[in-house]
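Peer 1: Coordinates for the following, if possible.
(one chain, ligands or ions: 1)
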Amino acid sequence: MRTVLVTGADRGIGHALCRACHARGDTVVAACLGESDELRALGIQVEPGIDVTSEDAVRGLAESLARTGTTLDILINNAGIAGPDHVLGALDYDDIRRQVEVNALGPLRVTEALLERLKPGSTVAFITSRIGSLGDNHSGGLYGYRISKCAVNMVAVNLAHDLATRGIGAVVLHPGMVATAMTFDDERAEARPPEEAAAALIERIERAGQTEPGTPPAFWHAPERTTIPW
Ligand SMILES: NC(=O)c1ccc[n+]([C@@H]2O[C@H](COP(=O)([O-])OP(=O)(O)OC[C@H]3O[C@@H](n4cnc5c(N)ncnc54)[C@H](OP(=O)(O)O)[C@@H]3O)[C@@H](O)[C@H]2O)c1
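Peer 2: Down below sits the predicted model:
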């Protein structure tokens, strides 16, 4: 039986990932920014108050797992935010900094804190976005989200090198356009349900777990099973 930890499990894709992993028999640790009575009611271990920007909260999570001797087969860095699309000439640098703090430094902070909870054969997944692709940027805009997701891609590729020395794999995943609180209203019609995205993400994480740690990670569009240029 595998143990999976998901950050940003309160709602959206993270919530769906927890439910899907629990349904297939995994032991799931749901790291929530707030709480989740719904996940608790399913018998999922909920770790509340895990703000990925907080050293104390993330260290507390690591200590809580260490106390119970929990090791992780899969760590899914899912927590993320998207700010409003401020246009050039009216950029909000505090908002950009906040997105970098959550979306890029958050996964680094969590992965570093949980290093001793990972083991040879574990996989660390990064839920990024194609919006962070340099090669796929055909429209500009969305400065904070683009910068932060581009940065987390580098975090993931960089970590992949260090993790490989411990026999741990890394995988970089775009979930597709998913109907969550993050999706703009005009995108909802073409967006996938979170459950469908979660199934595709889990499938790709499983495939990644079968590749040799140290294999340079690709940037996967999980539902379409294609790669995205960095
Ligand atoms: N939806 C899409 O179309 C789409 C596309 C590409 C990539 N993604 C990525 O997929 C991931 C999940 O997004 P989603 O669509 O499920 O969005 P969502 O519904 O807004 O969920 C985001 C989750 O992250 C949590 N969170 C926010 N700030 C946090 C922090 N500082 N520390 C810990 N958790 C925090 C939120 O907690 P609260 O609920 O308490 O705020 C929530 O549980 C994100 O990384 C996002 O960038 C989404």
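
Peer 1: Run a quick neighbour tally on the residue nearest to L114 when sequence neighbours are not counted.
Peer 2: Leaving out its chain neighbours, the residue that sits closest to L114 by CB to CB, 6 or more residues apart in numbering is A62, at 5.5 Å. No exception for glycine: its C-beta is placed from N, CA and C like everyone else's. Number of residues near A62 (other CB atoms under 10 Å) recorded here: 16.

Peer 1: ditto for the one 4 residues further on
Peer 2: The local packing count at A66 equals 13, with neighbours defined by other CB under 10 Å.

Peer 1: What helices and strands are in contact with whichever helix or strand it is part of?
Peer 2: Using DSSP states H and E, A66 falls within helix 55-67. Using 3 or more CB pairs under 8 Å, 6 or more residues apart in numbering; DSSP states H and E, the elements in contact with helix 55-67 are helix 106-113.

Peer 1: Output the contacting helices and strands for the helix it packs on.
Peer 2: Contacts defined by 3+ CB pairs under 8 Å, 6+ apart place helix 106-113 against strand 3-7, helix 55-67, strand 72-77, helix 143-164.

Peer 1: Please report how far the residue sitting nearest the centre point of the chain lies from the ligand.
Peer 2: For the chain, N78 is the residue whose C-alpha lies nearest the centre (CA atoms, centre = their mean; 2.3 Å). Distance from N78 to the ligand, counting by CB to the nearest ligand atom, to the nearest Å: 5 Å.

Peer 1: Contacts only, for that residue.
Peer 2: Contacts for N78 were tallied using CB atoms under 8 Å, 6 or more residues apart in numbering; they are 6-9, 13-14, 17, 125, 127.

Peer 1: Nearest to the ligand among these?
Peer 2: Using CB to the nearest ligand atom, G8 comes nearest to the ligand of these, at 2.8 Å.

Peer 1: how distant is stretch 15-30 from the center of its chain?
Peer 2: Stretch 15-30 sits 14 Å away from the centroid of its parent chain (CA atoms, centre = their mean, to the nearest Å).

Peer 1: got a list of contacts for it?
Peer 2: 1-6, 9, 14, 36, 38-39, 42-47, 65, 70, 72-74, 76, 78, 194-195, 197-199, 201-202.

Peer 1: Likewise for stretch 41-51?
Peer 2: With CB under 8 Å, 6+ apart, stretch 41-51 has contacts from 7, 9, 18-19, 22, 27-36, 39-40, 57-58, 60-61, 64.

Peer 1: Just the mean pLDDT for that stretch, thanks.
Peer 2: Average pLDDT, stretch 41-51: 98.

Peer 1: Let's see that stretch as PDB, backbone CA atoms only.
Peer 2: Taking C-alpha atoms only, stretch 41-51 is exported to PDB below (Å, rounded to 0.1, in the frame of the first residue of the first chain):
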ATOM      1  CA  ALA A  41     -14.900  11.800   7.000                       C
ATOM      2  CA  LEU A  42     -13.400   9.500   4.300                       C
ATOM      3  CA  GLY A  43     -10.700   8.400   6.700                       C
ATOM      4  CA  ILE A  44      -8.000  10.500   5.100                       C
ATOM      5  CA  GLN A  45      -5.300  11.900   7.400                       C
ATOM      6  CA  VAL A  46      -5.800  15.700   7.200                       C
ATOM      7  CA  GLU A  47      -2.900  18.000   8.200                       C
ATOM      8  CA  PRO A  48      -4.500  21.400   8.600                       C
ATOM      9  CA  GLY A  49      -2.900  24.800   8.300                       C
ATOM     10  CA  ILE A  50      -0.100  23.800   5.900                       C
ATOM     11  CA  ASP A  51       0.700  27.100   4.200                       C
END
